[in-house]
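J.: need coordinates for the following:
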Amino acid sequence: MRLLLLTLFSLYLSSMLAQNFYPPVVNYSTKDYGKNQERNPENFAVVQDHRGVMYFGTDNGVIEFDGEQWNYIKTGSGSFVRALAVDEAGVIYVGFYGDFGYLKPDTIGSLVFESLLRKIPEEYQFFSNVWKIHTVGKSIYFQTEEGLYVYDVQTKKIKVILPKNSFHTSFLVDSTIYLRDRQVGLVKLVNDKLVTLKSTEIFKEYGLFGMHRLPDDSLLLITQELGLFKWKNGGIRPIVEQNQLPLSELGIIGSMHLTTGDFALNTITNGVVIIDEHGKINKQINRSIGIRSDAVQQIYQDRDLNLWLALENGISKVNYHSPLSFFDEKAGIEGNVQTVIRFKNQLFVGTSYGLYVQDDGLQGSNHFRNTGMIKDQVWTFTIVDNILYIGASKGLFKTSDGQNFSKINEYNTNSIVYRPTRQDFIIAGAQGIYVFDKNFNEKWSYVSNFSTFLGGAVDPENDSIIWL
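T.: I've put the predicted structure just below:
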């Protein structure tokens, strides 16, 4: 079945985007970035450098993509690159199991991996995965479970900050590093010392997967099992949400603060969920709108405001702020699309398989359903006096509420033209051309065998002339 790209103007879409969200999606697989070599489809990290080039952490290396060409940069063997970051100079830092470093140009200008392992004090050189990398000025922070490794770009030295137990996750908020220390709670780094945040004992046992500054200067804390919390001045309270599907059931594994002020939560089974600061789900980005997998390892918003998703199976680019919406067979539309119209706050689509209407789904992700009223080719729509008229192979139909349909006549209808000055309809189709008054009493007809009409209009200078 043919993919459908519905190109609608921004003004037209502004009224529907609050409820309907089908942004254009571009997917990439190992067929794109594998270069005829076996590549693991799983990606764990994503970042963009100062030139706009994208980087993705995958098996044994980093994938580089400039928008046209793919390049693979090998880092090590037997491990996944799980963390990427870019510093103020545009240098890309890389972390994986037992090692971390940065990308530098070789003698011909191609990027290669440079390890920093030898700069670590010998007693701290053995560690597991690097889960996160943060950059603050000339300091680069590599977070592992065993320690926080701080690389000074100027002195080229590395110091190690040890946890009381083990570091689970880490976050950068307003140039301050926060970490969840298992069996301790939430701590922050102050002058190379770890300070425990008051009232965060709950995070001794429960994981923390997001931390962001809110407009009231509080911290939004995002958990996987317990939902959202707000922390401020040593006090903490849960945020009561009103979602049909609780956030605690989504499998949240990460988050990102978007330029809109909303928060994107990446999940292991439910794609990406967009929430506001109160926890209300506004949008959902999942396989139903076209991304390759609902297991999203990491999210990144590029300088053009696109969302890049590092997936369990490939990479997806979501044009988050596009004034376009994209619908295909995954949205429930079948057949070749002939006509589209918006009526009663719903989108109607006419295809070779019949009449489809937008059916609002859970949390703003919408699908289309076949009305079943018209089971053949739907050619055209027009709205007159708040009534939707539908031209189809099996006749002319109408609806005043978008839910109940009635058949006006049996004439094959490819084109519907309404003349306001005369309050009549001109209907054209394979069987001929007909003129009806507003009550659909026939005024004139020209019966003949025609091929398909593609549209019609009243001559602007003479309403007795109709162009078909």
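J.: what's around the nearest residue to I73 once chain neighbours are set aside, how many residues?
T.: Using C-beta to C-beta, 6 or more residues apart in numbering and skipping the chain neighbours, the partner closest in space to I73 is V62 (4.5 Å). (Each C-beta comes from the backbone N, C-alpha and C, glycine too.) If you count neighbours by other C-beta atoms under 10 Å, V62 ends up with 23.
J.: now do the one 4 residues further on
T.: Burial measure for D66: 12 neighbouring residues, criterion other C-beta under 10 Å.
J.: for N319, see how far away the nearest residue to it once chain neighbours are set aside is.
T.: Using C-beta to C-beta, 6+ apart and skipping the chain neighbours, the partner closest in space to D66 is V53 (4.9 Å). Using C-beta to C-beta, to the nearest Å, V53 is found at 18 Å from N319.
J.: F405 too?
T.: Using C-beta to C-beta, we find F405 at a distance of 35 Å from N319.
J.: with V337 instead?
T.: Distance from V337 to N319, counting by C-beta to C-beta: 20 Å.
J.: do H212 as well
T.: Per C-beta to C-beta, H212 is found 23 Å from N319.
J.: low-scoring pLDDT stretches of the stretch 1-150 of the chain, where are they?
T.: With pLDDT under 70 as the threshold, the stretch 1-150 of the chain has low-confidence stretches at 1-21, 35-38.
J.: rerun that using 50 as the cut-off
T.: Confidence mapping of the stretch 1-150 of the chain against pLDDT under 50 gives the ranges 1-19.
J.: quick one: strands adjacent to the helix or strand where A264 lies?
T.: With the criterion set as DSSP states H and E, the secondary-structure element containing A264 is strand 263-267. Within its sheet, strand 263-267 is paired with strand 252-257 (antiparallel), strand 272-275 (antiparallel), according to DSSP bridges.
J.: select, out of these, the one closest to E123.
T.: With distances scored as C-beta to C-beta, the stretch of those nearest to E123 is strand 252-257 (31.3 Å).
J.: what distance separates that closest one from the middle of the whole chain?
T.: In this view, strand 252-257 has its centroid 13 Å away from the chain centroid, taken as C-alpha atoms, centre = their mean, to the nearest Å.
J.: and the contacts of it?
T.: The set of residues that contact strand 252-257 without belonging to it, under C-beta atoms under 8 Å, 6 or more residues apart in numbering, is 209-210, 212, 222-224, 263-268, 273, 296-301.
J.: what is the mean pLDDT for it?
T.: pLDDT averaged over strand 252-257 equals 97, rounded to a whole number.
J.: for that strand, list the C-alpha coordinates in PDB.
T.: Written as PDB, here are the backbone C-alpha positions of strand 252-257 (Å, rounded to 0.1, in the frame of the first residue of the first chain):
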ATOM      1  CA  ILE A 252      11.000   5.100  31.700                       C
ATOM      2  CA  ILE A 253      14.800   4.800  31.300                       C
ATOM      3  CA  GLY A 254      15.700   8.500  30.500                       C
ATOM      4  CA  SER A 255      14.500  12.000  29.800                       C
ATOM      5  CA  MET A 256      15.300  15.300  28.100                       C
ATOM      6  CA  HIS A 257      14.100  18.800  28.600                       C
END
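J.: how far off centre is stretch 196-216?
T.: 26 Å.
J.: contacts for that stretch?
T.: For stretch 196-216, using C-beta under 8 Å, 6+ apart, the contacting residues are 168-169, 171, 173-174, 178, 180-188, 219-226, 229-232, 234-236, 252-255, 257, 263, 265, 277.
J.: please convert the buried members of the residues you listed into PyMOL selection syntax.
T.: Isolation of the buried members of the contacts of stretch 196-216 (16 or more other C-beta atoms under 10 Å) is achieved in PyMOL through the command below:
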select buried, resi 168+169+171+178+180+181+182+184+185+186+187+219+220+221+222+223+224+226+229+230+231+236+252+253+254+255+257+263+265+277
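J.: show me the contacts of stretch 196-216 that map onto strands.
T.: Using DSSP state E, the subset of the contacts of stretch 196-216 located in strands is 168-169, 171, 173, 178, 180-181, 185-188, 219-223, 229-232, 235-236, 252-255, 257, 263, 265.
J.: count of neighbours near the residue nearest to D66?
T.: As a burial measure, the neighbour count of V53 was computed by other C-beta under 10 Å and equals 18.
J.: number the chain from 11, please
T.: Got it, the first residue is 11 from now on, which makes the last one we talked about V63.
J.: buried stuff in the one helix or strand L113 maps to?
T.: Taking DSSP H and E as the criterion, the element that holds L113 is strand 109-115. Along strand 109-115, the positions that meet the burial threshold by neighbour count (16+ other C-beta under 10 Å) are 109-113.
J.: could you do stretch 311-326 as well?
T.: Buried residues in stretch 311-326, counting neighbours by 16+ other C-beta under 10 Å, are found at 311, 316-321, 323-326.
J.: list of residues touching that stretch?
T.: Here stretch 311-326 makes contact (C-beta under 8 Å, 6+ apart) with 35-40, 43, 51-56, 58, 62, 64, 66-67, 266, 268-269, 274, 276, 282, 295, 300-303, 305-310, 327-331.
J.: of those, buried ones?
T.: With neighbours counted using 16+ other C-beta under 10 Å, those contain these buried positions: 35, 37-38, 40, 43, 51-56, 58, 64, 66-67, 266, 268, 274, 276, 282, 295, 300-303, 305-310, 327-330.
J.: from those, which land in strands?
T.: Under the assignment DSSP E, the buried ones among the contacts of stretch 311-326 contribute 35, 37-38, 55-56, 58, 64, 66-67, 266, 274, 276, 282, 295, 306-310, 327-328 to strands.
J.: using PDB, list the CA coordinates for the strand holding A274.
T.: Output of strand 273-277 as PDB, limited to C-alpha atoms (Å, rounded to 0.1, in the frame of the first residue of the first chain):
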ATOM      1  CA  PHE A 273       9.900  16.800  28.800                       C
ATOM      2  CA  ALA A 274      10.500  13.800  26.600                       C
ATOM      3  CA  LEU A 275      10.700  10.500  28.400                       C
ATOM      4  CA  ASN A 276      12.300   7.600  26.600                       C
ATOM      5  CA  THR A 277      11.000   4.200  27.500                       C
END
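J.: so it versus strand 238-242, what angle?
T.: Angle of strand 273-277 versus strand 238-242, following axes from the mean of the first three to the mean of the last three C-alpha atoms, to 10 degrees, is 130 degrees.
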